[in-house]
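Chemist: For reference, the sequence and a predicted model appear below.
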Amino acid sequence: MSATNTIAGQHGETRGPANALRALAMDAVQAANSGHPGMPMGMADVAAVMFTEHLIFDPTWPEWPDRDRFVLSAGHGSMLLYGALHLLGVEAVSVDQLRRFRQLGALTAGHPEHRHCPGVETTTGPLGQGIATAVGMAIAERMANARFGDAFVDHRTFVIAGDGCLMEGISHEAIDLAGHLRLGRLVVLWDDNGISIDGSTSLTTSTDQPARFAAAGWHVASIDGHDRDAIRAALAAAEQDPRPSLIACRTTIGHGSPNMTGTATVHGSPLGADEVAATRARLAWPHQPFDVPDEAREPWRAASRRGTVARLEWQRRCDTADAELLASFQRGAAWTAEAEAALAVVTARFLAEQPALATRQSSQQVLEALAGALPSLVGGSADLTGSNGTRASSQRAVSAEDFSGSYVHWGVREHAMAAAMNGIALHGGFLPYGGSFLAFVDYCRPAIRLSALMGTGVVYVMTHDSIGLGEDGPTHQPVEQIASLRAIPNLRVFRPADAIETAQAWGAALRDNGTPSVLCLSRQALATLQRQDPATDGVAHGAYLVSGDEDRDLTLLATGSEVAIAVAAAAALAENGIRAAVVSMPCWELFDEQDAAYRAAVLGTAPRVAVEAAARFGWDRWLGPEDRFVGMSGFGASGPAAELYEHFGITATAVAAAAREALTDTERSH
């Protein structure tokens with residue numbers, strides 16, 4: 001059999017559907033003079049069988065709730081996904097968009113971007129995030145099925161992952177959890193091509209990946225990724241197995257290219273005009289760039305028609321379903337009037353009782369109120385449930401035997417927890433939150449960044465937010481974390497000062513499920529602030545006057561546990577006739593959203609002193625050259641919290657002294 005016949009036809013059938021993907025990938029990368037043609041060309045046979053014969057998707061409604069999900073964890077091979085969406089008939093992914101691959105403003109970005117291109121289920125590119133996000137989607141599917149039944153929810157999650165995805169440590173956490181929960185509707189197709197950017201994967205790994213997945217409780221198959229009968233059989237077996245499935249697809253990167261196939265070069269470089277022409281000849285693909293003949297498109301169109309039929313059948317089931325169940329399904333993750341009322345009740349109780357609670361404890365009381373009023377709320381913790389205060393008494397654990405619960409025990413897996421929560425949010429129907437210690441937020445950071453990039457309404461509950469945690473010492477005491485989180489665009493960072501601000505922070509985080517949030521909560525008890533306007537939702541405005549007005553000599557700015565220190569400093573200054581206003585700034589991002597007049601009224605024009613038991617970085621946006629900052633300039637230490645505040649000079653006395661210095665310097669400068 002000739003080389004051309006080997007690629008163009010095998011087992012008595014045309015390779016047109018797969019070769020259409022190969023051609024579109026190499027043409028788009030060549031037109032952009034940038035991109036990754038190797039993976040799409042290597043996995044084209046696998047993808048063509050999966051999309052045209054197994055995955056259920058309706059291009060006329062890409063967001064149809066009961067569609068199968070597809071996650072391209074190996075996001076660098078984005079032309080595989082864009083080519084598939086185009087061939088399936090997603091109208092927005094036109095041939096013009098393929099021609100504009102990687103160009104400014106095109107839907108076809110270098111790596112797939114959710115909410116930017118229809119049909120892209122999640123933003124991928126950082127390797128390993130996709131497979132972990134897909135685990136979250138598979139969890140959400142089972143949870144939704146347990147609530148609404150097969151008539152509403154009955155779909156699968158397919159993943160294409162590469163060697164890099166499985167090398168990343170997050171993959172271990174994700175596959176362990178998926179096996180433990182027996183997520184039988186999750187299918188991972190591993191592009192086992194043995195190539196990474198540096199060369200052969202033998203340079204860096206000897207792991208037996210199928211054995212690793214089998215040890216985690218997965219069903220495993222190993223196949224020739226260019227043998228479509230083997231691909232079909234493996235997918236059929238995966239769909240029958242009650243365990244999550246790994247299909248190890250042995251492929252050749254850049255399959256079809258006469259001179260670059262099997263090389264590291266084809267991973268991330270255009271083929272070049274001569275090699276594109278040679279590849280066309282070998283594939284027996286004489287068509288012009290971006291031209292796909294009808295016979296190659298037809299299997300994709302047939303798959304789309306099958307998807308439309310499935311979607312219409314689903315709609316008919318919905319039309320005849322119980323009205324109350326249908327309304328609950330359609331409500332999904334929306335904030336409800338019942339939740340608003342429950343939040344108002346707990347806030348009013350805090351106002352009446354004036355408790356002195358750690359904000360992690362206040363948070364748990366808020367969750368206790370919300371859990372019964374907001375069925376879509378799904379909690380969890382990275383093995384720190386008691387410390388984080390993330391579980392309400394009414395929440396039952398999710399398990400392999402029962403997905404009707406609303407609390408996920410993530411284990412010591414912050415990486416996977418954060419990514420899977422993105423998957424739960426992206427799936428739809430749930431509002432996920434998960435807890436850990438703030439010092440460990442860096443384990444979650446890649447997923448948090450993707451939350452912000454995609455606009456998923458995940459709430460990260462990060463407790464033990466400062467040196468106030470005490471004796472556990474500097475390994476557990478956050479210093480730089482709050483500043484680094486505030487640097488992420490489209491992320492709201494809340495650091496509440498008392499129980500009332502904590503309740504308000506939860507409201508702000510959950511009402512807008514298009515923006516992720518981090519709640520930085522204290523271990524130590526914080527007294528309820530004495531507000532001059534208790535009825536105002538200060539957190540909704542980002543910052544507000546706790547005491548004082550526009551007629552002031554000084555402004556003290558603070559967040560979290562240090563607001564009480566600022567209040568005490570203001571009282572000390574008042575004894576010397578200095579009028580100091582105290583501003584609590586629980587969420588800088590929301591304060592930024594207020595109009596200029598409000599911000600000016602809160603900040604005033606008087607000299608300022610900021611206090612936060614964290615790094616100064618970022619505070620200078622609110623401070624002038626004569627203003628002062630009281631906080632941390634290095635790591636913490638092990639000791640009782642009160643002694644640590646004294647040791648590091650974060651006290652009312654220190655704030656008052658800094659205030660007097662600021663006033664003196666301002667007077668001198670004038």
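Modeler: Perfect, thanks for sending it.

Chemist: Count the residues that sit near Leu351.
Modeler: By the measure other C-beta atoms under 10 Å, the count of residues near Leu351 is 15. From N, CA and C alone the C-beta is placed, and that goes for glycine too.

Chemist: Which residue, neighbours along the chain excluded, lies closest to it?
Modeler: Once flanking residues are discounted, Leu351 sits nearest to Pro534: 5.7 Å by C-beta to C-beta, 6 or more residues apart in numbering.

Chemist: Likewise for Ala487?
Modeler: Per C-beta to C-beta, 6+ apart, closest to Ala487 is Gly618, 7.2 Å.

Chemist: number of nearby residues for that neighbour?
Modeler: 17.

Chemist: Which parts of the stretch 351-500 of the chain are strands?
Modeler: Per DSSP state E, counting those that start in this stretch, the stretch 351-500 of the chain carries strands over the ranges 357-358, 377-381, 407-409, 431-437, 459-463, 492-494.

Chemist: now for the second one, which elements pack on it?
Modeler: So the one you mean is strand 377-381. The contact analysis (3 or more C-beta pairs under 8 Å, 6 or more residues apart in numbering; DSSP states H and E) places strand 377-381 against helix 359-371, strand 407-409, helix 414-427, strand 431-437.

Chemist: And these: which comes nearest Arg182?
Modeler: strand 407-409 (14.3 Å; C-beta to C-beta).

Chemist: What lies in contact with that closest one?
Modeler: Under the contact criterion C-beta atoms under 8 Å, 6 or more residues apart in numbering, strand 407-409 has outside partners 139, 378-381, 383, 385, 390-391, 395-398, 417, 434.

Chemist: repeat for stretch 637-647
Modeler: Contact with stretch 637-647 is made by 467-474, 523-524, 565, 613, 636, 651, as judged by C-beta under 8 Å, 6+ apart.

Chemist: rewinding a little: in a markdown table, list the helices and strands packed on strand 377-381 along with mean pLDDT.
Modeler: Formatted as a markdown table, these follow (pLDDT from 0 to 100):
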| stretch | mean pLDDT |
| --- | --- |
| helix 359-371 | 98 |
| strand 407-409 | 98 |
| helix 414-427 | 98 |
| strand 431-437 | 98 |
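
Chemist: now these in TSV, with mean neighbour count?
Modeler: Formatted as TSV, the helices and strands packed on strand 377-381 follow (neighbours: other C-beta atoms under 10 Å):
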stretch	mean neighbour count
helix 359-371	23
strand 407-409	21
helix 414-427	29
strand 431-437	27
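
Chemist: quick one: secondary structure of Gln530?
Modeler: Following DSSP: H, G, I helix; E, B strand; the rest coil, the label given to Gln530 is coil.

Chemist: What about it? Give its phi and psi, please.
Modeler: Main-chain torsions, Gln530, degrees, to the nearest 10: phi -90, psi 100.

Chemist: what's the answer for Gly225, then?
Modeler: Per-residue torsions, Gly225: phi -70, psi 0 (degrees, to the nearest 10).

Chemist: Just the pLDDT for it.
Modeler: Gly225 is assigned a pLDDT of 98 by the prediction.

Chemist: Show me which residues of stretch 441-458 are buried.
Modeler: Within stretch 441-458, the residues scored as buried using 16 or more other C-beta atoms under 10 Å are 441, 443-458.

Chemist: what does the one helix or strand Ala659 maps to rub up against?
Modeler: Following DSSP states H and E, one finds Ala659 within helix 652-669. The contact list for helix 652-669 (C-beta under 8 Å, 6+ apart) reads 553-554, 556, 565-566, 568-569, 571-573, 578, 580, 607-609, 611, 626-630.

Chemist: do the same with stretch 354-363
Modeler: Under C-beta under 8 Å, 6+ apart, the answer for stretch 354-363 is 350, 365, 387-390, 461, 463-465, 496-499, 501-503, 506, 519, 521-528, 560.

Chemist: OK, contacts around Ala278?
Modeler: Ala278 neighbours (C-beta under 8 Å, 6+ apart): Ser257, Pro258, Asn259.

Chemist: Could I get the full set of helices for the stretch 401-550 of the chain?
Modeler: Per DSSP state H, counting those that start in this stretch, the stretch 401-550 of the chain carries helices over the ranges 414-427, 441-454, 481-486, 499-511.

Chemist: Let me have the ones you listed in CSV, extended by distance to Glu63.
Modeler: Formatted as CSV, these follow (distance: least, C-beta to C-beta, whole Å):
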stretch, distance to Glu63
helix 414-427, 11
helix 441-454, 14
helix 481-486, 30
helix 499-511, 22
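
Chemist: Go through the ones you listed and name the closest to Val135.
Modeler: helix 414-427 (5.1 Å).

Chemist: now that closest one against strand 377-381, angle please.
Modeler: Put simply, helix 414-427 runs at 170 degrees to strand 377-381, going by axes from the mean of the first three to the mean of the last three C-alpha atoms, to 10 degrees.

Chemist: name the helices or strands packed onto helix 414-427?
Modeler: Right, helix 414-427 is packed against helix 129-148, helix 169-180, strand 377-381, strand 431-437, helix 441-454 by 3+ C-beta pairs under 8 Å, 6+ apart.

Chemist: returning to that earlier point: figure out which of the helices and strands packed on strand 377-381 is closest to Ala327.
Modeler: strand 431-437 (17.5 Å).

Chemist: From the contact counts, what lies against the closest one?
Modeler: strand 377-381, helix 385-388, helix 414-427, strand 459-463.

Chemist: of all these, which lies closest to Arg185?
Modeler: Nearest to Arg185 among the helices and strands packed on strand 431-437 is helix 414-427; the distance by C-beta to C-beta comes to 11.8 Å.
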